[in-house]
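# With the sequence up front, the predicted model follows.
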Amino acid sequence: MTQIVLPQHANVHGAVLGGTVMHWVDLAAAIVANRHSRRPVVTAAFDEMAFLAPIMVGQVALIHARLTLVDRSSMEIRVDVESEDVLTGERRRTGTAFVTFVALDPVTKRPTPVPPMLLDTDDERREHARALERRRMRLEHRRALARD
């Protein structure tokens, strides 16, 4: 996904608002989840949003989203964000997030199974292993919050 950063997207320093970047990340991840599941999806978790560098007004935000994990009804999507100076072509990594979506049955609105993820390359298998660990930690954290 590509977005031009306009003044209405920016803070007083001329950099895109973090919430705006998170909105773009959520949209890109939702598209990946919808395409994989072919079901309505909802955001279930937003993990590890790291802002590494600002994206300034006049630059382009490049949002790259890819599926990293599929469970029964949930999917984790990794979203990497880059900035691009359109005059020089210089690109810079500006952020990464992991977003979990749940697929819903269109009639009952309850979680519904999704197709399994196909892991074709060694890189995909390594990313999947890291995603399993993130899922374990996410669920552990959720259980801890429920106890509080």
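Done, it's in.
# and the next element down the chain from the helix or strand containing residue 45?
Secondary structure from DSSP states H and E places residue 45 in strand 41-51. Following strand 41-51 in sequence order, the next helix or strand is strand 60-70 (DSSP H and E).
# Give the other helices and strands that that next one contacts.
Here strand 60-70 touches strand 2-4, helix 18-37, strand 74-84, strand 91-103, helix 122-147, going by 3 or more C-beta pairs under 8 Å, 6 or more residues apart in numbering; DSSP states H and E. In short, each C-beta sits where N, CA and C put it, glycine included.
# and that strand, which strands flank it?
Strand pairing for strand 60-70, using DSSP bridges, gives strand 2-4 (antiparallel), strand 74-84 (antiparallel).
# what comes up buried for the shortest one?
Neighbour-count burial for strand 2-4, with 16 or more other C-beta atoms under 10 Å as criterion, is recorded at residue 3.
# Now mean pLDDT too, for the strands paired with strand 60-70, in CSV please.
Below are the strands paired with strand 60-70 laid out as CSV (pLDDT from 0 to 100):
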stretch, mean pLDDT
strand 2-4, 97
strand 74-84, 97
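# Go through these and pick out the most buried.
Of the strands paired with strand 60-70, the one with the most neighbours on average (mean count of other C-beta atoms under 10 Å) is strand 74-84, at a mean of 23.
# now it against strand 41-51, angle please.
Regarding strand 74-84 and strand 41-51, their directions subtend 40 degrees when assessed with axes from the mean of the first three to the mean of the last three C-alpha atoms, to 10 degrees.
# With that, I have no additional questions.
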